[in-house]
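>>> Sharing a sequence plus its predicted fold:
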Amino acid sequence: MRKVTAGLFYSIDGVAEAPDRFQLDAFDDELGMMLGGVMERVDTVLMGRVGYEEWAGYWPTAQQDEGFARFINEVPKFVASKTLEGLLSWQNSTLIEGDVDGFVRGLK
């Protein structure tokens, strides 16, 4: 059975919204190495609609020699949304249809 793990950036006071506004000044080589280790163990990404739309607007055209850009563009991505429909434009992205809990249990 596979593990389902949540990966989030939190500020020191517990804020998880808009990490691009607070985490870049703390992103150093040590954090980069740690995140690289995490990416090596991830084979599937689950996203919500807002995260998908924000990232799909940036990562497909980001510098592909960046480790994260290569990782996030190539990894299979499943998107939970009640408003998106049909095929998703970002490579390796699939809309979850039906029960999200059941879908996640099936991935495990």
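Structure's in. What do you need?
>>> switch to C-alpha atoms for all contacts and neighbour counts from now on
Noted.
>>> these two touch, right, Phe78 and Thr94?
Yes. Here Phe78 reaches Thr94: they are 4.9 Å apart, a contact under Cα atoms under 8 Å.
>>> more neighbours, these two?
Set Phe78 next to Thr94 and count neighbours by other Cα atoms under 10 Å: Phe78 wins out with 22 against 17.
>>> Quick check: the more buried one is in a helix.
No. The assignment for Phe78, made by DSSP: H, G, I helix; E, B strand; the rest coil, is strand rather than a helix.
>>> Would you mark the buried spots in the helix or strand harbouring Leu31?
Element membership for Leu31, per DSSP states H and E: helix 29-41. Neighbour counts over helix 29-41 (16 or more other Cα atoms under 10 Å) mark Met39 as buried.
>>> Could you tell me the average pLDDT over that helix, please?
The average pLDDT within helix 29-41 is 81.
>>> Which strands and helices lie in contact with it?
With contacts defined as 3 or more Cα pairs under 8 Å, 6 or more residues apart in numbering; DSSP states H and E, helix 29-41 has no packing partner among the helices and strands.
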